[in-house]
Structure formats: structure tokens, C-alpha cells
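1. Structural data only, the sequence is not supplied:
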């Protein structure tokens, strides 16, 4: 609980003494000495500070005859009074130190309860401060705990002030005793019924709170505060539509009631009406632009609506208004991460931690920012700090699993993911995170199941639809993959990753024109994505549009000079355009950047083979297969070169390796047949060609090649039938 004590120069002794005693009770006390040049907040600002008053739940101005002449103190008291009118939970408690008549006090303070000093002697000051402590329900001495008070003979207004102070101290049960007594002594004391409702609300006795607010409304039916309070409690009871009715009444009575607008916004939000919630929050901040809570609510809704940049602005405003509120900085960190301003997010999280080093969400958020900055080891440390504070914090286990995955610690990542799932089995994000790890471990079926679990929990999660589509593509279910990507683009037509992956899946089906349309949609939303430009080039290349493909690859490389796949593809396209020297230069450039670039070695081998530089070509293919021993296409290409230079036995060994890896490739069976025929192993050659034809009955080349071993075996009739079939197929 924060208290501001304000005084004019003439009353400094009173103000300093009271502030010192209150600080000795463990309260956060702001001192606001005022002279006619302005307010000096703890020796700081020289103008009245509304932020100082807003941060204080209780304001105690020292009022005297000389203070009454101070325009600056009057202004401060007026601001404090206006804040109390906006929020009935606040307290303004004047300390009157002179014998003042009612006419000597500013009109807006006349109806407020006050503390009257009976004497300015040392004993009188001590007695006055003791009565102030009693009125605020604070312990009478620094080392003496608060004891149960004897309420007999206490006036209803005093009980009201005590009850409100106890509510601000979060001692709701003690507050109830005083407020119930106040309402018994004076059943028409409207403010006591309002505060009593707050005390019930604070301990979750919502029906009792409603009854108290209804009594307050019966006394003052046009009091917007009571209607707003009723709406807040109804919202906490999940009676959102009734909350809207109550808050509608409140804003009708007082269109400037910020609390009512905020309560309406929260009800709209829980009714899944974010646009209406945003309008209500905007009205709340119009009514009270300094209310950090309304700015925080507005920021949450802006994020829900995908207005990330606007959300950052709202969180920044909240942090400016409540710089000592760590949750505001944590929210700002989340918003910065959403717009990929990760360095600024890290700064926000560190500010939150400096305010509360035990704030788990700040440590977890710091881990997220570090992870996105590529500092996976440091991010693990941050997640570990969060988990040391709360071992059951599922988001931190989830984040840690991603950090471990980034460090290629797959087993540890999966273990962390299992902890997250065990703690939050109903959270779609932990299932999606687990699926990503399983994908990286090539456990595609399990990854698919995890993505489907995530989508069962949240069918609108675009990232999970994209992940599901990737799994289906890896499982060679292209139609299902395209359908998954379609779901993603229906949910978010701007999701460039979904459009890009759809294009790749369509390319797998040789639907290159459709793929190009998907890549164009992806580029419309991510024009600077080098990988999408590369995929666009690949589709153009497959359509034989080499010049356009080359332009796409060059654009990709301009966007990302380190895109090795684009560089390798550029080399292949240049070669097909008969620009051999430029092609070789592209392959060499790729390999100078990454000696482990398998595609570059393969393309270089193919180019050198066509240029009849067989020794250099064989070296290139050997490097490729050494780097990726399980790639059937590489072994097929190596076999083709060996066959061309007459090393048929070695060629057959390469084809055998390719077929072990992928026995369903008709082209490799055809090539193996050619090697067997060259080795005069005619029966085996016929068998190899039959395999190729079984896999691809329309393969004219396999039918044509089959004639050769058949004739060598004297099976002329079969050879003529195979030849006839080849001609019918155009071979």
C-alpha cells in the first residue's frame, strides 16, 4: 500500500513527522512538500504530479490556515479528490492542524472525514498521529503487531475509513468486521455498503458482494460506481452478459466512468468479442488516460486481434504509467517478441526481473527472447531460473525443450517436452513444441500424432496445421499435405509459410503452375524471403522456364548471399542454358562457402560429366556420397558416370546401393539393367528391366532397352514385342 503525505512549507514539521511514522510501519510513503513554485515530489519534480497521486491508494494532505492560501496544494488535493471520485476504493484523509471553520476548507474536502489535531505541542502531535494510525487500522508502534480492535463506540465514518484501509492492506476479513458494523450503525451509509461489497468480492464471496452492491444501489440508484462494482463482480462469476447490463447502466449514468468501461471490455473479451472489447478499453483510456490497468487490457486485446505493433505501443504506455509494476514490463517483453524486436524484449524482461527477481514469467520470457536471438545456452539458463522458482511451470519446460533442440540436444529436448506435456496436457502449444522435436528426430508418425493432438485442442492454430502438412509431405501423402496447408491459409490468408509449404507440396505432385501461384501468394506477404524465391525458381525450372528460374535464384541470392541451395540451383540452371563456365563458377562459389554442400557436389559432378571431365566428375560424386551415404539419387548419378566410362561392375554396385535405399525408382532399375547387359548378365538384365516396367509401365526407354538382352538370349519374338511396345509409347 502506498501513501502520499502532502504539505505546504509552513506545515513541514507535521508532514515530515507523519510520513516518518507511516514509513516505520512498512508502508511505501511518498512525500509531497508544496510551495508556491510547485510540488516537490521527494525533492524531485517542481509541478503537481498526477502520477504520484495515481500511484498512491491513500493521500493525506496537511491542511492549515496557511495551506488554505496555497494554490498548488489546493490543486494537488483536487486531483486526489477527483481520483477518489473515479475509484471509490481510494482514500483522501485530510489532517487539519489549525482551528479552521468550514469556510476555511476547500469545498470539495468538506464532506470527507478528517483527522483534527487538538494541539501543536509534542504530546499533541504524538496523540494526533496515534489517532491517524488508529483510523487507518495500522499498528500503534513500529514493532507492535496489529491486534483485533474493540469497535464499540467507533463512529460509522471511522469504521468506513478503517475498512477501506484494511482492504487496501489486503486484510479483507478484518475489513468486513468494521464495514458490517458501520452498516449496522448507519444502514443508509452508501459508501460503507459499497466498501462492504468490495470486502466480500476480495475473498470470493460474490453473492454477498452482489447483495451489498444492490443495497448501495437502492440508496443511490444513480451512482455509477455501484453499478460498475456490480458489473465487476458479475464478471468474476462468469455472468458476462449480466455484467454488460450492469456496466451499461454505469456508463449511461456517468459516461466518464473508466472502471465501468474497463469492466465492459473484460466482459466483451470473455464473450469472444474482441472488437467490442477494444472499443470499450479505448473509452476507458479516454476517460482516464493514466490508468495503467486499462492500457494493459487494451494491449492484450490488440495482441488477440493480431495488431502487434499497436500492442507494443499500449504496453509501453502501461510501463510508463506503472514503471514499478513488473507485469507491465513482462507484457511489453511479450509484445516485442511478437514483432521480432527481441533485443528490446530482452531489455523489458530484465527490467521486470530487476523489480521482482522471483517473477517466473519474466525469467521464462527472457529465455524466449534469448532463444530468438540465437543465444540458446543463455536461454536454457533463464528457463532454469524460472523452473527453480516454479518446477511446475509448463511454458518454461516447453521453452527449454526448444532451446535444447536448437543446441541439437534432441534426447534432452524430448525429455523437457515430456515434462511440459505432463504438466499441461490441455495446452496445444506444448503438443506443437513436442511435435517439432519429434520431426527433428525423424519420428514423423509420432510428430504427426502430436500435431493432431494440438489441433484437437486448438483447431485454429495455424502453426500446427503447417507442421501437420510437413509431416504428411514427409510421409508421401501429398494430397493430405496440401489439404493441411489449405486449412492454414484459410485461417490466416497472410501466412506466407503456409503458402510456401503448399507450393512445395504441389511441386512434389508436379503441379508446377499451381505451385507458382502459391509461391506468389507467399511472396506477397514475405517479399524478402530468400527461401520462397528459391522455391519459385525450382518450379520455374521444372517448367523449362530457365531464364525466369535464373532470375528467381539471383533475387534469392541478393536477399541472402549465403543461400547455398539457391546458389547450387543457379549453377544447374546456368548449365542448362549452356553457360557452362558460369555454372562451374557458381558450384565453386557454393563449395567455397560450404564444403559440405551435398547438392553443390552433385551438380558439379553432373556438369563435369556432361563436359566429359570424368575424373573430376567422379571426385565430385564421391564427395557427395561420402557426405550423404543414404541418398539414392547420388548413388544413381555416380553409377551413371561409371557406366558412361565403361566401369560397369562399379556402376552396378552403385545402382545396387541406390535400390537398397529406394527400391521403387524405375529409372534406377533401368540403369541397373543397362549395367547388367554390358556385363553380359542377360537374364538379370531382363529381370531389372521388368522391375522398371512394373513400376512405370509407360517407360518407353525400359521397353527399348529390354530388347537388347532378349536378343542376346535368342528370344527374338519377345524382343520384337518389347520393341513394338516402346514405339507405341513414343520411344
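-> The structure has been received and is ready for your questions. What you are looking at is a predicted structure, and each value in this text was computed from that prediction instead of being measured.

2. Can you point out the buried residues in the longest helix anywhere in the chain?
-> Longest helix of the chain, by residue count under DSSP state H: helix 71-86. Within helix 71-86, the residues that qualify as buried are 72, 73, 74, 76, 77, 79, 80, 81, 83, 84, 86, counting by 16 or more other Cβ atoms under 10 Å. C-beta: built from backbone N, CA, C; applies to glycine.

3. Check pLDDT for the residues you listed and point me to the minimum.
-> pLDDT across the buried residues of helix 71-86 is at its lowest for residue 86, which sits at 77.

4. how about it, what does it touch?
-> The contact partners of residue 86, taken as Cβ atoms under 8 Å, 6 or more residues apart in numbering, are 256, 257, 258, 259, 287, 288.

5. Among those, which pair sits farthest apart?
-> By the measure Cβ to Cβ, the contacts of residue 86 have their two most distant members at 256 and 259, which lie 10.4 Å apart.

6. hang on, the earlier thing: what subset of the contacts of residue 86 is buried?
-> Taking 16+ other Cβ under 10 Å as the criterion, what is buried in these is 257, 258, 259, 287, 288.

7. Counting only helices, which of those residues make the cut?
-> Using DSSP H, the members of the buried ones among the contacts of residue 86 that fall within helices are 258, 259, 287.

8. separation between the first one and residue 284?
-> As defined by Cβ to Cβ, to the nearest Å, residue 258 lies at a distance of 5 Å from residue 284.

9. list the residues that contact both of the two?
-> Common contact partners of residue 258 and residue 284 (Cβ under 8 Å, 6+ apart): 291, 294.

10. Give me the neighbour count for residue 184.
-> Using other Cβ atoms under 10 Å, residue 184 has 12 other residues around it.

11. Just confirm it is within a strand.
-> No - residue assignment for residue 184, taken from DSSP: H, G, I helix; E, B strand; the rest coil, gives helix, which places it outside any strand.

12. Below-threshold pLDDT in the stretch 201-350 of the chain: ranges please.
-> Scanning the stretch 201-350 of the chain for pLDDT under 70 picks out nothing.

13. Quick one: the strands in it, in order.
-> For the stretch 201-350 of the chain, no strands turn up when DSSP state E, counting those that start in this stretch is the criterion.

14. quick one, helices of it?
-> Listed in chain order, the helices of the stretch 201-350 of the chain (DSSP state H, counting those that start in this stretch) span 206-219, 224-236, 240-253, 258-270, 274-287, 292-304, 308-321, 326-338, 342-355.

15. of all these, which lies closest to residue 25?
-> Within these, the stretch nearest residue 25 is helix 342-355; the backing value is 22.4 Å (Cβ to Cβ).

16. about what we covered before: got the helices of the stretch 201-350 of the chain as JSON lines, with distance to residue 707 columns?
-> What follows is the helices of the stretch 201-350 of the chain, written out as JSON lines (distance: least, Cβ to Cβ, whole Å):
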{"stretch": "helix 206-219", "distance to residue 707": "89"}
{"stretch": "helix 224-236", "distance to residue 707": "84"}
{"stretch": "helix 240-253", "distance to residue 707": "80"}
{"stretch": "helix 258-270", "distance to residue 707": "76"}
{"stretch": "helix 274-287", "distance to residue 707": "71"}
{"stretch": "helix 292-304", "distance to residue 707": "69"}
{"stretch": "helix 308-321", "distance to residue 707": "66"}
{"stretch": "helix 326-338", "distance to residue 707": "66"}
{"stretch": "helix 342-355", "distance to residue 707": "65"}
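
17. right, so of those helices, which gets closest to residue 499?
-> Each of those has some distance to residue 499 by Cβ to Cβ; the shortest is helix 308-321, at 19.9 Å.

18. Can you point out the buried residues in the closest one?
-> Across helix 308-321, burial judged by 16+ other Cβ under 10 Å covers 308, 310, 311, 312, 314, 315, 316, 317, 318, 319, 321.

19. go on, stretch 277-285?
-> Of the residues in stretch 277-285, those scored as buried under the neighbour-count criterion (16+ other Cβ under 10 Å) are 277, 278, 279, 280, 281, 283, 284, 285.

20. Can you list the neighbours in contact with it?
-> Residues outside stretch 277-285 that contact it (Cβ under 8 Å, 6+ apart) are 251, 258-259, 261-262, 264-266, 268-269, 291, 294-295, 297-298, 301-302, 305.

21. quick one, domains of the chain?
-> Taking automatic domain parsing as the domain assignment, the record places the domains of the chain at 1-146, 488-678, 679-731.

22. quick revisit: quick check, nearest of the buried residues of stretch 277-285 to residue 161?
-> Of all the buried residues of stretch 277-285, the one sitting nearest residue 161 is residue 284; the distance, using Cβ to Cβ, is 27.8 Å.

23. thinking again about what came up before, in a markdown table: the domains of the chain, plus distance to residue 245.
-> Converted to a markdown table, the domains of the chain look like this (distance: least, Cβ to Cβ, whole Å):
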| stretch | distance to residue 245 |
| --- | --- |
| domain 1-146 | 21 |
| domain 488-678 | 33 |
| domain 679-731 | 71 |
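
24. which one of the ones you listed lies closest to residue 434?
-> The stretch from the domains of the chain with the least distance to residue 434 (Cβ to Cβ) is domain 488-678; that distance is 19.1 Å.

25. Report the separation between the two terminal residues of the closest one.
-> Domain 488-678 has its terminal residues 52 Å apart, counting by Cα to Cα, to the nearest Å.

26. pLDDT averaged over that domain, what's the number?
-> Across domain 488-678, the per-residue pLDDT values average to 92.

27. So what's the gap between that domain and the chain middle?
-> Offset of domain 488-678 from its chain centre (Cα atoms, centre = their mean, to the nearest Å): 37 Å.

28. any idea which of the domains of the chain is most buried?
-> Most buried of these by mean neighbour count (mean count of other Cβ atoms under 10 Å) is domain 488-678; its value is a mean of 20.

29. now the ones in helices among the buried ones among the contacts of residue 86 in CSV, with distance to residue 4?
-> Conversion of these to CSV gives the following (distance: Cβ to Cβ, whole Å):
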residue, distance to residue 4
258, 20
259, 21
287, 22
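
30. quick one: which of the residues you listed is nearest to residue 168?
-> For those, with residue 168 as the reference and Cβ to Cβ as the criterion, the closest is residue 259, at 16.0 Å.
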